[in-house]
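1. Provide a 3D model corresponding to the input given below.
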Amino acid sequence: QRGASQQVELPPFAEFWQANQLIEMPENPDSERFIRFADFCRDPQAHPLKTASGKIEIFSQRIADYAYPDCPGHPMWLEPDEWQGNAEPEQLQVLSAHPAHRLHSQLNYSSLRELYAVANREPVTIHSDDAQARGITEGDMVRVWNSRGQILAGAVISEGIKPGVICIHEGAWPDLDLTADGICKNGAVNVLTKDLPSSRLGNGCAGNTALAWLEKYNGPELTLTAFEPPASS
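-> Model (predicted):
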């Protein structure tokens, strides 16, 4: 029914599954001209938003009435649980952005790794000043750690990131080595982040709220096993 509403003919599922072929869907020209809340912009009275006032709200009385200390009724800056303002010496802010070559963890095993993996690990982007201070060069394997865990990653030196900040894309498959203090050999950044919701209201991911140390890895060689099938398979 959804396909028919978009003028897309879809075969019965069993037929689609058996054929194992892609179904091409024509572009919707209206998508190129899509404007969020266009109806509301044209006529706010006839097409109110789903807010208490029916308008775009900078302040929400409903949210304010919840009296959540970590989510007031209007946008404002709140001190993060971990950030550069309370970092220990030589700690860096860890960002965990979305990867460009996979969907979260999907396709981490695929040949797309050849486009981004460094030292056969998840890359970590480091400002040149931070790399130089730690004796790290492009392509080095590095260790990133904090009180929650540690990972191996491959160094990418860049002027496009702020000094004092590193970026490790989320979604790498965990590969913990139980003989090396549980270090993640593949570079899963979730090892470093806190299990902390964004707020009592949102309960979203707070993956960029983390601090960690960084150094060139000089430990024993650890074989990557993240993509080996389980013994029970």
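
2. CA atoms only for the lowest-mean-pLDDT helix or strand in the chain - export them in PDB, please.
-> One helix or strand of the chain scores below all others by mean pLDDT, DSSP states H and E: helix 2-5, with a mean of 74. Extracted C-alpha coordinates of helix 2-5, given in PDB (Å, rounded to 0.1, in the frame of the first residue of the first chain):
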ATOM      1  CA  ARG A   2       2.800   2.400   0.800                       C
ATOM      2  CA  GLY A   3       4.500   1.600  -2.500                       C
ATOM      3  CA  ALA A   4       1.300   2.100  -4.400                       C
ATOM      4  CA  SER A   5       0.800   5.500  -2.800                       C
END
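
3. Now do the helices in this structure.
-> Remark: helices assigned in the chain by DSSP state H are 2-5, 13-19, 29-32, 38-42, 61-66, 113-116, 128-133.

4. Of those helices, which stretch is the most buried?
-> Highest mean neighbour count among the helices of the chain (mean count of other Cβ atoms under 10 Å): helix 128-133, with a mean of 15. (Each C-beta comes from the backbone N, C-alpha and C, glycine too.)

5. I'd like the mean pLDDT over that helix, please.
-> Per-residue pLDDT values over helix 128-133 give a mean of 98.

6. related to what we said a few turns ago, what comes into contact with the least confident helix or strand of the chain?
-> 9-10 (Cβ atoms under 8 Å, 6 or more residues apart in numbering).

7. so Ala226 makes contact with Trp173?
-> Yes: using Cβ atoms under 8 Å, Ala226 is in contact with Trp173, at 4.3 Å.

8. what sits in contact with each of these two?
-> Common neighbours of Ala226 and Trp173, counting by Cβ under 8 Å, 6+ apart, are 108-109, 186.

9. which one among those residues gets closest to Lys194?
-> Nearest to Lys194 among the shared contacts of Ala226 and Trp173: Asn186, at 20.2 Å, using Cβ to Cβ.

10. show me the contacts for that closest one.
-> 121-122, 151-152, 172-175, 224, 226.

11. go with 10 Å
-> Applying Cβ atoms under 10 Å, 6 or more residues apart in numbering, we find Asn186 in contact with 108, 117, 120-122, 151-153, 172-177, 222, 224-227.

12. quick one: which of those residues sit in strands?
-> Those of these mapping onto strands are 151-153, 176-177, per DSSP state E.

13. ok, and the most crowded of those?
-> Ala153 (30 neighbours; other Cβ atoms under 10 Å).

14. Might you report the residue contacts of that residue?
-> Listed by Cβ under 10 Å, 6+ apart, the contact set of Ala153 reads 117-119, 121-126, 140-144, 166, 168-169, 172, 184, 186-189, 214, 217.

15. in the protein, what spans have low per-residue confidence?
-> Counting by pLDDT under 70, the chain shows low-confidence ranges at 6, 233.

16. just checking, Asp175 touches Ala226?
-> Yes: Asp175 is within contact range of Ala226, at 3.6 Å (criterion: Cβ atoms under 10 Å).
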